[in-house]
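Asker: Sequence below, structure please.
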Amino acid sequence: SISLLYLRDVLLHLQRHTIRLYRLPAHFAPYLTHPNAPGFHNQIAECAEDLHAVGALAQASQTRLTLHVNSTVVLSTPDLDLAARSRHEIEAQAQLLSAFGLNDGVLVAHIGGIYTDHSAALERCVANIWQLSAAARALLAIEHDGRMWSLVDALHVHVRTGVPIIFDHLHHLLYDPHQLPLATALEYALATWPAERRPKIHFSSPRTELRIGSSSGGNPHLAAPQWYEHSDYAHPFELINLLRLPASRPYDVMLEAKAGDLALLRAREDVARFAPELAGEIE
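Answerer: Modelled structure (predicted):
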């Protein structure tokens, strides 16, 4: 109920700035599935009226909601208990999204780890997706990562399950063993979405600044950035290059930037300044 109060204010802020997409925090409904906190397991039913009211506000402002499940959800795991908990978490988060009364929510999950066998891990991911309810699968989208699962791996999951793919720009740059051009990769991902669902992609720029780390002894020191870390803002020219790629249909871009909505507002200014021909095409 507290999260819903915050979300109402967030939606009003987004409406003032004409921002049409918002990513809910992974723990929007805290302890929703925590085995040691049964008192929180009925939050969705207890807040049904408020969920519907906030969903109506999102619908009135044409704001689409998305949710990325946390890292404890591992669809490729060989651990049967972890697999069951992962499916349970996806089902609960899908129920949460559905309770808003919207028909355009997106629930994003990663494939998981490779463990000792790449092919077997993919097969487990596919099998776990098929064990989800039809309602959960209808909201689910799979994202490739920047270390072990490529866009082609995600396409394999899509072909076997029908679940669409979230194209992640930085992840594709970090891990693309098949050397797919960006335009091709984007189009492959967009083609996995059914006509009635608006595709979503992720964009982030790698952090380039020095950061303060700590050694094993706890002493602070300057550390070089890791390229999979997200920067505070979006690199304007990388973003513009992406937006200039041909696309067969409209799609949402989720900026994964540490500065949040400040990064989005700055990105709009940058696009208007450096690529004014695109400004009118971005809503």
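Asker: show me what contacts residue 270?
Answerer: 234, 236, 239-240 (C-beta atoms under 8 Å, 6 or more residues apart in numbering). C-beta: built from backbone N, CA, C; applies to glycine.
Asker: Ok, residue 245 next?
Answerer: For residue 245, the contacting residues are 182-183, 186, by C-beta under 8 Å, 6+ apart.
Asker: quick one on the thing from earlier: dump the contacts of residue 270 into TSV; add pLDDT and secondary structure as well.
Answerer: Shown next, in TSV, are these (pLDDT from 0 to 100; DSSP: H, G, I helix; E, B strand; the rest coil):
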residue	pLDDT	secondary structure
234	96	coil
236	96	helix
239	97	helix
240	97	helix
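Asker: So which of those residues is the closest to residue 12?
Answerer: residue 234 (24.1 Å; C-beta to C-beta).
Asker: Can you give me every residue that contacts the closest residue in space to that closest one that isn't next to it in sequence?
Answerer: Leaving aside its sequence neighbours, residue 234 sits nearest to residue 267 (C-beta to C-beta, 6 or more residues apart in numbering; 4.7 Å). Residues in contact with residue 267, defined by C-beta under 8 Å, 6+ apart, are 233-234, 236, 239, 255.
Asker: do you know how far residue 267 is from residue 96?
Answerer: 29 Å (C-beta to C-beta, to the nearest Å).
Asker: same deal with residue 61?
Answerer: In terms of C-beta to C-beta, residue 61 sits 19 Å off from residue 96.
Asker: More neighbours: which of the two?
Answerer: Here residue 61 and residue 96 are compared on neighbour count by other C-beta atoms under 10 Å; more neighbours surround residue 96, at 22 against 15.
Asker: Quick check, that one in contact with residue 67.
Answerer: Yes: counting by C-beta atoms under 8 Å, residue 67 is a contact partner of residue 96 at 7.3 Å.
Asker: what residues do the two have in common as contacts?
Answerer: residue 28.
Asker: got the buried residues for stretch 209-229?
Answerer: residue 228 (16 or more other C-beta atoms under 10 Å).
Asker: Kindly format the C-alpha coordinates of that stretch as PDB.
Answerer: What follows is stretch 209-229, C-alpha atoms only, in PDB (Å, rounded to 0.1, in the frame of the first residue of the first chain):
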ATOM      1  CA  GLU A 209      34.500   7.000 -14.600                       C
ATOM      2  CA  LEU A 210      36.900   5.800 -11.900                       C
ATOM      3  CA  ARG A 211      35.100   4.500  -8.900                       C
ATOM      4  CA  ILE A 212      36.000   3.900  -5.200                       C
ATOM      5  CA  GLY A 213      36.400   0.300  -4.500                       C
ATOM      6  CA  SER A 214      37.600  -1.600  -1.400                       C
ATOM      7  CA  SER A 215      40.300  -4.200  -1.100                       C
ATOM      8  CA  SER A 216      40.000  -7.500   0.900                       C
ATOM      9  CA  GLY A 217      41.300  -5.500   3.900                       C
ATOM     10  CA  GLY A 218      38.500  -3.000   3.500                       C
ATOM     11  CA  ASN A 219      40.800  -0.100   2.500                       C
ATOM     12  CA  PRO A 220      39.300   2.200  -0.200                       C
ATOM     13  CA  HIS A 221      41.100   2.600  -3.500                       C
ATOM     14  CA  LEU A 222      40.400   3.900  -7.000                       C
ATOM     15  CA  ALA A 223      39.200   1.200  -9.400                       C
ATOM     16  CA  ALA A 224      38.800   1.200 -13.100                       C
ATOM     17  CA  PRO A 225      35.200   0.900 -14.400                       C
ATOM     18  CA  GLN A 226      33.700  -2.300 -15.600                       C
ATOM     19  CA  TRP A 227      32.100  -1.900 -19.000                       C
ATOM     20  CA  TYR A 228      28.900  -3.800 -17.900                       C
ATOM     21  CA  GLU A 229      28.300  -1.100 -15.200                       C
END
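Asker: Residues in contact with that stretch: which ones?
Answerer: In contact with stretch 209-229 (C-beta under 8 Å, 6+ apart) are residues 146-147, 170, 174, 206-208, 231.
Asker: can you rerun that using 6 Å?
Answerer: Residues from elsewhere that reach stretch 209-229 (C-beta atoms under 6 Å, 6 or more residues apart in numbering): 146, 174, 206-208.
Asker: Between the two ends of stretch 95-115, what distance do you get?
Answerer: With C-alpha to C-alpha, to the nearest Å applied, stretch 95-115 spans 30 Å between its terminal residues.
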